[in-house]
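Trainee: Provided below for reference: sequence and predicted model.
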Amino acid sequence: QVQLVESGGGLVQAGGSLRLSCAASGNIFNVNIMGWYRQAPGKQRELVASIPSSGSTNYVDSVKGRFTIFRDNAKNTMYLQMNSLKLEDTAVYYCKLSNIRWNRQIDYWGQGTQVTVSS
């Protein structure tokens, strides 16, 4: 089992910045992918950014150039630096970790943290 604890959400004005953190603990495989997802009211959950245990990052087009995903493997913690926030970034942000071994993938989710961008 893997436990994920998110923090860093809150209320910020448009144009401002926030940093989200996701601390992972438990049975974390050497090969894994961590990612941030978000879900706005009335919308489907979408991938915001992902970062594998080794390899390149991936971003949804709407956040490219504004958000940066990075991780500290020694601390099993992933971060999402969000700059130039827009009203449309308002959502509940979820952390996900996918353990990968022998072509099997096991997904774990955090409880979510609210990000609200105001005008």
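Mentor: That came through, no problem. Being a predicted model, the structure only gives us computed values, none of them experimental. Numbering: from 1, shown residues only.

Trainee: longest strand in the chain, by residue count?
Mentor: The longest strand of the chain (DSSP state E) is strand 91-101.

Trainee: List the contacts of it.
Mentor: 2, 4, 6, 9, 20, 22, 24, 27-29, 31-40, 43, 45, 48, 78, 80, 105-115 (CB atoms under 8 Å, 6 or more residues apart in numbering). Every C-beta, even on glycine, is put in place using the N, C-alpha and C of the backbone.

Trainee: If any of those residues are buried, put those into a ChimeraX selection.
Mentor: This is how ChimeraX selects the buried members of the contacts of strand 91-101, with burial counted by 16 or more other CB atoms under 10 Å:
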select :2,4,6,9,20,22,24,28,32,33,34,35,36,37,38,48,78,80,108,110,112,113,115
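
Trainee: quick one: the most centrally placed residue in the chain from residue 8, how far?
Mentor: Centroid check for the chain by CA atoms, centre = their mean gives residue 36 as the closest residue, at 2.1 Å. As defined by CB to CB, to the nearest Å, residue 36 lies at a distance of 11 Å from residue 8.

Trainee: shared neighbours of those two, which are they?
Mentor: residue 20.

Trainee: Show the contacting residues for residue 38.
Mentor: Residue 38 neighbours (CB under 8 Å, 6+ apart): 45, 46, 48, 89, 91, 92, 93, 94, 115.
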